[in-house]
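[1] sequence and computational prediction follow.
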Amino acid sequence: MSRGRSDLQLEGDPSARILPWVIGIMVYLAALALGGALSINGAIERWNRALTDRATIQIDPAPSAEQDRRLGLAIEVIKTTPGIARHEVLGRPALIGLLEPWLGRGNLPGELPLPILIDLTIDPAAPPRLDELRRRIEASVPGARLDDHSLWTGGLVAAARAIQALALAAVGLIGLAAVAIVVFATRAGFAAHLEVIDIIHLMGARDAYIARQFQDHFLGLGAKGGILGLAVALATLVGFVVLGESMEGPLLPRLALDWWAWLTLTLLPVLAALVARTTARATVLSQLRRMP
Amino acid sequence: MVRFENVGMRYGLGPEVLRDITLELKAGSFHFLTGPSGAGKSSLLRLLYLANRPSRGLLTMFEQEVTRLARDRLPDLRRRIGVVFQDFRLIPHLSAFDNVALPLRLADTPEAQMRAHVGELLAWVGLADRMTARPATLSGGEKQRVAIARAVIARPRLLLADEPTGNVDADLGYRLMYLFEELNRVGTTVVIATHDGRLIERFGHPVLRLRAGMVQVEGAT
Ligand SMILES: Nc1ncnc2c1ncn2[C@@H]1O[C@H](COP(=O)(O)OP(=O)(O)O)[C@@H](O)[C@H]1O
Ligand SMILES: [Mg+2]
């Protein structure tokens, strides 16, 4: 019989008017931060894809005959490696062409030792195991190295992950602030209704009975604010996505969210409601424990 | 039913307002609790309705020693105690009916049984046509009858009243006393705090007299 009953009539409290807005703003900010963090996942994936379909084999300079022998060995390895769509040897003339803009035409001494570069285009449908390729190249070709650009993407990904961690930390801080607000609102409500709480306490109401009225109340406020905040946040994020799609450049951190990322965002109001409920319950129980 | 052994009580860190209280209330007894203002009548009642616990000594109620009882065991004991507070303490936003129904709702009484019971009791105290009224719209006498109905609706084994005749005219006060005597006849243990000597004289029940925090029993218990 006591389920859903409200002897305290918390519905008319100031918290009922103010808290949904506060929670709404917090869920809005959290949704933006979380949306940003989740969309970075997609960006990292795209960067990895854009850069891992290329790799370079570099063979150290050596006397001409030796260099030709090493190039032959390297090409042998490349040809017996599945998943490499194309390879292009950048020999001495091509390298001089690459260096000229920096050093000036004709400034390269004829005997300057230059490495050989082999540019590999990887078959994206069946990419080779690059670590396997690296091991074979380095074992069978003296002075050869495989560069898969992981150093460069590694830095980019690390930066993105750091931003992601910051965004998630922001979500966590917003959650803490929400807990603090609910604690204060619950205490204010408890103080405002102390007279009635005291009477029903003396009639033999259990702590859980009194706490339930507060937790039901705050669950509703949290859900209300959460849905409000999420609705506005979704509209904002959709706006960013549309804006992002109209921009050029594969490396731009465009906002793009998978379906499960959208789903994660819709869990925020649920989380807000549960945080409000649990916090209100814990606060009321701790206040009640001060009564004999 | 109730036994005090060297009970002392203080509010917070203040001085002891009750000292070395030793007394026994037998089941089915009827006592007046009296003494000058500030003697500790309300404080002793607070111990009896478990609003405070003794700061020393032993207090046994319903075969349980309450100073050491776990906090979550107290609600069950409180449900066996009915209290008519000095200022009634009705819940302002609940109707007369819902105020009286509260103890039954706390005890999870089935709704239909609860409705029948509350309606019957309110009719018996003459408030059949005032069930939906809020306390603010009730007269002093009506409020008091609601408070009494709420105190007795769950058939308490111990009934306490703090200055029940203080806020109403003498005639109403006497009718109230007859009601308490009636409940006492069916086995309820009753303690009434009052400083009204005429009331005590008229009804002639044993008296617990408080003076400076000490108790003295007069008359047969
Ligand atoms: N809540 C309280 N906090 C501190 N002191 C109190 C409180 N209630 C009562 N007292 C003190 O306890 C003493 C006894 O008061 P009380 O029990 O109300 O006496 P009575 O009901 O006989 O007039 C008084 O000195 C009073 O000031
Ligand atoms: Mg008093």
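    Thanks, I have the structure now. Numbers count the residues shown, from 1 in each chain, chains lettered A, B, ... in the order given. Ligands and ions are numbered 1, 2, ... in the order given.
[2] in chain B, what residue comes closest to ligand 2?
    Residue nearest to ligand 2 within chain B: B:Ser42 (3.2 Å; CB to the ion). In this view, the C-beta of every residue, glycine as well, is placed from N, C-alpha and C.
[3] make sure that residue is indeed in a helix.
    Yes: assessed with DSSP: H, G, I helix; E, B strand; the rest coil, B:Ser42 lies in a helix.
[4] is it true that A:Trp47 touches A:Val157?
    Yes: applying CB atoms under 8 Å as the test, A:Trp47 and A:Val157 come out as touching, 6.8 Å apart.
[5] quick check: the residue of chain B closest to ligand 2 vs B:Tyr11, distance?
    Distance of B:Ser42 to B:Tyr11, computed by CB to CB, to the nearest Å: 11 Å.
[6] burial count for the residue in the stretch 101-250 of chain A positioned nearest to ligand 2?
    Per CB to the ion, A:Leu202 is where the stretch 101-250 of chain A lies closest to ligand 2, at 15.8 Å. Neighbourhood size, A:Leu202 [other CB atoms under 10 Å in any protein chain shown]: 21.
[7] for it, list the residues it contacts.
    Applying CB atoms under 8 Å, 6 or more residues apart in numbering or on different chains, we find A:Leu202 in contact with B:49-51, B:78, B:83.
[8] do A:Glu88 as well
    A:Glu88 is in contact with A:118-119, A:121, counting by CB under 8 Å, 6+ apart.
[9] for the particular helix or strand that has it in it, which positions count as buried?
    Take DSSP states H and E as the rule and A:Glu88 turns out to sit in strand A:84-90. By neighbour count on 16 or more other CB atoms under 10 Å in any protein chain shown, the buried set for strand A:84-90 is A:84, A:87, A:90.
[10] give the pairing partners of that strand; include direction for each.
    In its sheet, strand A:84-90 lies beside strand A:116-122 (antiparallel), with partners assigned from DSSP bridges.
[11] centre of the chain to the strand it pairs with, how far?
    32 Å (CA atoms, centre = their mean, to the nearest Å).
[12] which residue packs closest to the residue sitting furthest away from the middle of chain A, ignoring adjacent ones?
    Distance from the C-alpha centroid of chain A, by CA atoms, centre = their mean, peaks at A:Met203 (52.6 Å). Sequence neighbours aside, B:Pro103 is the residue nearest to A:Met203 in space, at 5.3 Å (criterion: CB to CB, 6 or more residues apart in numbering or on different chains).
[13] what residue is smack in the middle of the chain?
    Chain wasn't specified; assuming chain A. Nearest to the mean C-alpha position of chain A, by CA atoms, centre = their mean, lies A:Ala37 at 3.4 Å.
[14] hmm, no, I was thinking of chain B.
    By CA atoms, centre = their mean, chain B has its centre lying nearest to B:Leu160, at 1.8 Å.
[15] helix, strand or coil: sort out that residue for me.
    B:Leu160 falls in the strand class when you classify it by three-state DSSP.
[16] wait, doesn't it sit right on B:Arg80?
    No: under the criterion of CB under 8 Å, B:Leu160 is not in contact with B:Arg80, lying 11.5 Å apart.
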